[in-house]
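> pasting the sequence and the predicted model now:
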Amino acid sequence: MSKRAEEQRAKVFGVFSRNLEFVKRNLHQFEAEIRIEPDVPNSYVCPLCFGLFEKKALFQTDPNPLTVEHVPPQKLGGTPLVLTCKNCNSTAGHLLDAPLLSIMEVEDFKNFLPNSMARVTFSKDGREMNGTISIDDSAKWVIELSSKISNPKHAEYFLNKMKRPRYEVMSYEDLMNYKPGSDSVKLNFRMTVEKEHLLRRAEVALLRIAYLLAFGTFGHGFLIHPGLYAIREQFKKPEEEILRKVFWLRYDFPDNYLGINIIRAPKQMLGFLVVFKLKTKSQSRNFGIVLPGPSEPGLKVYDFLNDRLCQGDGTNFCRIEVQSIPRINFLTEEKHALILHDFWERYALLE
Ligand SMILES: [Zn+2]
């Protein structure tokens, strides 16, 4: 295990465990009695499973150690932000982040962007062979047939006809009319179809990124929030409809919205709007995900979103009023421990 990774974990742990102490000391601000139990000094709460971790969980030999989590995921341009326990981190990697990455890559390919790639099935004379089509950075199309992931009999037929497993063509039109070898062979292909449950998982991955960004920004004070229980359940069971289907505002937010914002109007949409950048090899895009606020309408915000705002092309976004929260470090000072709740009252609740 590298020294640098070890230092990074220790640093994040230090900042957040102090932040947890600040939060505990200021809980009296709430009318309702809130306690964080067990009250162990110098500890860290995994924002996903609420497990309490002491410093010894930084050693990777621990049965469930704390790991650095990149938010957004590293393959989508994220940087190290928070710690999550290994159980939570690795489950999300294959269950949520992998479908998100592959769906974004398929989108890039469908738009014929340079540096994109798709797994496809080629077909010819009733036989099929799997492979990839990629578009390189000079916009050249590269076809690769892969015997390893194909029916061997079909692959043999293809390779006999095609002569080589790898071809380069200059455009989509060239590809469609490709004539390998001396025979004229029309080559058809279809892309691997994205299954409904993978789309759902990709959306839950976006929600998880937004949640972890908010935790990374505000610290443990963000977790004092009854509506977030359902959100965390959704991460654990991504295919169940714990939340309504849509929590993604399909609108290309400009960079000045990056970070955490509060949606002030319409009132049915009071909540947080987390805007973040995801980068694939081909492009970068800003996503806007809604998280419920700590008081009304809470989770009902998703019903409104589902029924009214997310229909069509997302241009309905123009009708919402958003206030951005200044981008400063809220974690390192005690006076900021519960600042999220101040912002909420100031921007969302007061006229
Ligand atoms: Zn955890």
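Good, I have the coordinates.

> which residues touch residue 188?
122-124 (Cβ atoms under 8 Å, 6 or more residues apart in numbering). Every C-beta, even on glycine, is put in place using the N, C-alpha and C of the backbone.

> now those: which count as buried?
Buried residues within those, counting neighbours by 16 or more other Cβ atoms under 10 Å: 122, 124.

> which one of the contacts of residue 188 sits closest to the ion?
residue 122 (42.9 Å; Cβ to the ion).

> contacts for the helix or strand where that closest one lies next, please.
For residue 122, the host element (DSSP states H and E) is strand 116-124. With contacts defined as Cβ under 8 Å, 6+ apart, strand 116-124 is touched by 105-106, 108-110, 128-135, 143, 145, 157-158, 161, 185-192, 280-282.

> am I right that residue 145 is in contact with residue 129?
Yes. The criterion here is Cβ atoms under 8 Å, and residue 145 meets it with residue 129 at 5.4 Å.

> what do those two both touch?
Joint contacts of residue 145 and residue 129 (Cβ under 8 Å, 6+ apart) are 122, 155, 158.

> all strands of the stretch 51-200 of the chain, in order?
All strands of the stretch 51-200 of the chain, identified by DSSP state E, counting those that start in this stretch, fall at 52-54, 66-71, 79-85, 116-124, 127-135, 141-145, 166-169, 188-191.

> quick one: strands adjacent to the second one?
When you say that, I think you mean strand 66-71. strand 79-85 (antiparallel) (DSSP bridges).

> could you export the partner strand as CSV, CA atoms only?
What follows is strand 79-85, C-alpha atoms only, in CSV (Å, rounded to 0.1, in the frame of the first residue of the first chain):
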residue,chain,number,x,y,z
THR,A,79,-10.9,13.5,-7.3
PRO,A,80,-10.5,12.0,-3.8
LEU,A,81,-13.0,13.7,-1.5
VAL,A,82,-14.3,11.5,1.3
LEU,A,83,-13.8,8.2,3.1
THR,A,84,-16.3,5.4,2.8
CYS,A,85,-15.9,1.9,4.2
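
> thinking again about what came up before, need the strands of the stretch 51-200 of the chain in a markdown table (columns: mean pLDDT and distance to the ion).
Shown next, in a markdown table, are these (pLDDT from 0 to 100; distance: least, Cβ to the ion, whole Å):
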| stretch | mean pLDDT | distance to the ion |
| --- | --- | --- |
| strand 52-54 | 96 | 8 |
| strand 66-71 | 96 | 9 |
| strand 79-85 | 96 | 3 |
| strand 116-124 | 87 | 32 |
| strand 127-135 | 90 | 35 |
| strand 141-145 | 88 | 39 |
| strand 166-169 | 82 | 44 |
| strand 188-191 | 79 | 35 |
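
> JSON lines for those strands, including distance to residue 17?
Listed next are those as JSON lines, based on distance: least, Cβ to Cβ, whole Å:
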{"stretch": "strand 52-54", "distance to residue 17": "9"}
{"stretch": "strand 66-71", "distance to residue 17": "11"}
{"stretch": "strand 79-85", "distance to residue 17": "10"}
{"stretch": "strand 116-124", "distance to residue 17": "42"}
{"stretch": "strand 127-135", "distance to residue 17": "45"}
{"stretch": "strand 141-145", "distance to residue 17": "49"}
{"stretch": "strand 166-169", "distance to residue 17": "53"}
{"stretch": "strand 188-191", "distance to residue 17": "47"}
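
> out of those strands, which comes closest to residue 295?
strand 79-85 (24.7 Å; Cβ to Cβ).

> list the contacts of that closest one.
Applying Cβ under 8 Å, 6+ apart, the contact partners of strand 79-85 are 8-9, 12-13, 16, 44, 46-49, 51, 53, 57, 64-71, 92, 212-213, 215-216.

> low pLDDT regions in the stretch 201-350 of the chain?
Residue ranges of the stretch 201-350 of the chain with pLDDT under 70: 245-246, 309-318, 350.

> ok, which stretches of it are strands?
248-249, 259-265, 271-279, 284-292, 321-324.

> follow-up on the earlier one: residue 145 and residue 129: which has the busier surroundings?
Just comparing residue 145 and residue 129: by other Cβ atoms under 10 Å the higher neighbour count belongs to residue 129, 25 against 21.

> now that one: how far from residue 162?
Taking Cβ to Cβ, to the nearest Å as the measure, residue 129 falls 9 Å from residue 162.

> got it, and residue 40?
64 Å.

> compare the two (neighbour count), which wins?
It is residue 162, of residue 40 and residue 162, that has more neighbours when counted by other Cβ under 10 Å, with 21 against 13.

> and the gap between the more buried one and residue 122?
Residue 162 is 9 Å from residue 122, by Cβ to Cβ.

> burial count for the residue in the stretch 101-250 of the chain that the ion sits nearest to?
Ranked by Cβ to the ion, the top residue of the stretch 101-250 of the chain for proximity to the ion is residue 232, at 9.6 Å. Other residues lying near residue 232 total 17 when counted by other Cβ under 10 Å.
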